[in-house]
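**Q** please work out how this folds:
(one chain, ligands or ions: 1)
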Amino acid sequence: MADAPSKIVDPTKLTAAGRKAVLSQAYSDVWAEIMHLKVDGRTWDLNQRAYLRDVYRDNAQRIVCRKSAQMGFTVAFLVKTLHRVLLWKWNGLYLLPTKVGVVPFVQGRFNPIIDENALIKERFANLDSVTHKRTGTNNLYFRGSTVATDLREIPVDFEIWDERDKMASSNLHLALTRMDGSPHKHLATLSTPTAENWGVDAEYKDSDKREWTIRCLYCNHAQFLDWHLNVEIGDTESIDLCKETTHVRCQKCKKPWTHGQIMEMAEEGFWDPQEPGRDIHGYYINQLVSPTRSIAELAEIWYKGEIRGDVDASRELWNSALGLPWAAPGDRLTPEVIDQAREQNYRMPTISGVTMGTPISIGVDVGKHLHVFVLSGSGDLPRRVVDVRIEDWNTLRNIFNDLNERNIYWTCVMDAAPEKAMAESIAREFVGNLWLAYYHDPKNMNTMAAWSPADPYSGKSYNSVRIARTMAIDTAHGMISRKRMTFPNNARHLVNPGKDYGDMYAQLIAQTAVTVPDRMGNPRRVYVHPDGKPDHFDHALTYATVASTLTPAIRSAPENLRFEDNPEGRSILDEVGGLFTQDDEGTVFDGFFD
Ligand SMILES: [Zn+2]
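**A** Numbers count the residues shown, from 1 in each chain. Next up, the predicted model:
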């Protein structure tokens, strides 16, 4: 028996409602409108948020939103999530930074959308737990990025990563593999940015970089509202005057705009891709076109940050309000910070020019090449950069032998990985001077380095040191910014000089500290560096800094040091006892690398 022919629908004869119903299959904003969705306590609409229409309608496989806060992107992706699960029958994962953040997010933002709509609520009737929702055979999961085991056993077709820069990066690859079995594999990441060229900022820069562009009502010039180009800072005599006199104006004709005028222009705005044709769709907009933010409010934050030096205010302005990467002083070295630590009349010697009796500390970052950083100075004395070089194993061994022959007091901290066998062999050879370094980032370690000397009785044949990574990098950078470590005046041109500076500068400024949650969701400061940007010299510098804490303090200027001042200087192991420490669990680090 043949099936009865289905009724043929002529698409040209659809009613207006019918057309909308068809459109709603593709476009989540049309669906939200005809469903009369209630979001955050009011009926959903795009009033004053015209910029979101294309975001709702963008069905590209890969979307990235480098967003400023309070612009409606999270709502857009919650609606898109519902739309994909209910209409496309896809399985989804909505990923948040922390596990502890999931419950309040789902109960506060997502569940009300369902609860306010009888049709949707009925669809989720069978299973509606906080972190797992099911309609028919389709699943929607809410998870935090911090717990890897929570990311198992949840095959999905699409993922939303909300506040990507606050996520535990180490688990994001695992999250991605949840889509391995799907033919769709749609991923959207949204975040206020943190560090430059990292996280959402790096992803945005790989995208087609769409900027919300508006036309001046006076001169018709199309422009993206940029803080530096569109904001004229007023009187900075006081915060109130600054708020009153700062305004937004046209980049071209310079005529000031009121907030109402900006809102009108933004209604007719459009997304202008800076790199058209790229596969990843990237969106960037800032609070200069926010319906809820006035320029007076932004001027107030700017004043607190720039005039009063309030770092949190600056972070709020650049990251949250303007959607731009920004690093606080202390989160990252800059060429200018290194510049101010240069000594006018000091040109760098090489390690062979180091005079006898000058205690030196050497850091070696091991990779394809060996990046070597050499400091003089110890104890409370300032450190001075006396050599920076890239070497191979043989040359490095020759340098060490030469130092020993010349009776130079030296300490070296060297990467234990990735050339473990080679590093261990050289560490055995120079057991009086050389320590193999292991990074870790403990919760409660209050010592930068835990030294574990070789011990013939237990068979440990080389020295090792466990280094608290964030603390050590902070210490090294802090010494530069406080001029407790000085550079030669030709520092900018060291190692492959470039247009502005050489490789040493480039690598010292590559890392930025960001705050991400630890496994328990507590904030934790870690250094990250953008993919593909080397940071070898920054680690070599850090190792050299750690090495210099082991050198006994000698109370005279480093350039005048002689061994006679410190007859016991070479017995490093005698110095070690006082530097032993305990880890979180109270274990003494006395041979933990067996
Ligand atoms: Zn104009």
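**Q** contacting residues for Leu436?
**A** Val413, Met414, Asp415, Ala416, Ala423, Glu424, Ala427, Tyr462, Asn463, Ser464, Val465 (Cβ atoms under 8 Å, 6 or more residues apart in numbering). Just so you know, the C-beta spots here come from the backbone N, C-alpha and C atoms, and that holds for glycine as well.
**Q** okay, those in a markdown table with pLDDT and distance to the ion next?
**A** Supplementary listing: those in a markdown table, determined by pLDDT from 0 to 100; distance: Cβ to the ion, whole Å:
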| residue | pLDDT | distance to the ion |
| --- | --- | --- |
| Val413 | 97 | 58 |
| Met414 | 97 | 60 |
| Asp415 | 93 | 56 |
| Ala416 | 92 | 60 |
| Ala423 | 93 | 62 |
| Glu424 | 93 | 67 |
| Ala427 | 94 | 66 |
| Tyr462 | 92 | 69 |
| Asn463 | 92 | 67 |
| Ser464 | 92 | 65 |
| Val465 | 92 | 61 |
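**Q** select from those residues every entry located in strands.
**A** Secondary structure assignment by DSSP state E places Val413, Met414, Asp415, Asn463, Ser464, Val465 of the contacts of Leu436 in strands.
**Q** which of those ranks first by neighbour count?
**A** Neighbours were tallied for each of the ones in strands among the contacts of Leu436 (criterion: other Cβ atoms under 10 Å), and the maximum of 30 neighbours falls on Val413.
**Q** ok, it to Ala195 distance?
**A** Note on Val413: its distance to Ala195, by Cβ to Cβ, to the nearest Å, is 26 Å.
**Q** near the ion, which residues of the chain?
**A** Cys216, Tyr218, Cys219, His221, Cys250, Lys252, Cys253 (Cβ under 5 Å from the ion).
**Q** does the fifth one touch His221 like I think?
**A** Yes - taking contact to mean Cβ atoms under 8 Å, the distance of 6.3 Å between Cys250 and His221 places them in contact.
**Q** phi, psi of the closest residue to Gln340 other than its chain neighbours?
**A** Counting by Cβ to Cβ, 6 or more residues apart in numbering, Gln340 lies nearest to Lys483, which is 6.9 Å off, once chain neighbours are set aside. With angles defined as degrees, to the nearest 10, Lys483 sits at phi 60, psi 30.
**Q** list the contacts for Lys483?
**A** Here Lys483 is in contact with Gln340, Ala341, Pro382 (criterion: Cβ under 8 Å, 6+ apart).
**Q** quick revisit: which of the ones in strands among the contacts of Leu436 sit farthest apart?
**A** Greatest spatial distance among these (Cβ to Cβ): Asp415 and Asn463, at 13.8 Å.
**Q** how about the secondary structure of Gln89?
**A** Heads up, residue 89 is Lys, not Gln. Using DSSP: H, G, I helix; E, B strand; the rest coil, the structure places Lys89 in coil.
**Q** what do you get for Arg109?
**A** helix.
**Q** any idea which element the nearest residue to it once chain neighbours are set aside lies in?
**A** With sequence-adjacent residues excluded and distances taken as Cβ to Cβ, 6+ apart, Arg109 is closest to Leu78, at 6.4 Å. With secondary structure defined by DSSP states H and E, Leu78 is part of helix 73-86.
**Q** now do that helix, average pLDDT.
**A** Mean per-residue pLDDT for helix 73-86: 97.
**Q** toward the C-terminus, what is the element adjacent to that helix?
**A** For helix 73-86, the following helix or strand on the C-terminal side (DSSP H and E) is strand 92-96.
**Q** strand partners of that next one, parallel vs antiparallel please.
**A** Its sheet considered, strand 92-96 pairs with strand 138-144 (parallel), strand 158-162 (parallel) by DSSP bridges.
**Q** now the helix holding Leu78: buried residues?
**A** For helix 73-86, the buried set under the neighbour-count rule, 16 or more other Cβ atoms under 10 Å, comprises 73-86.
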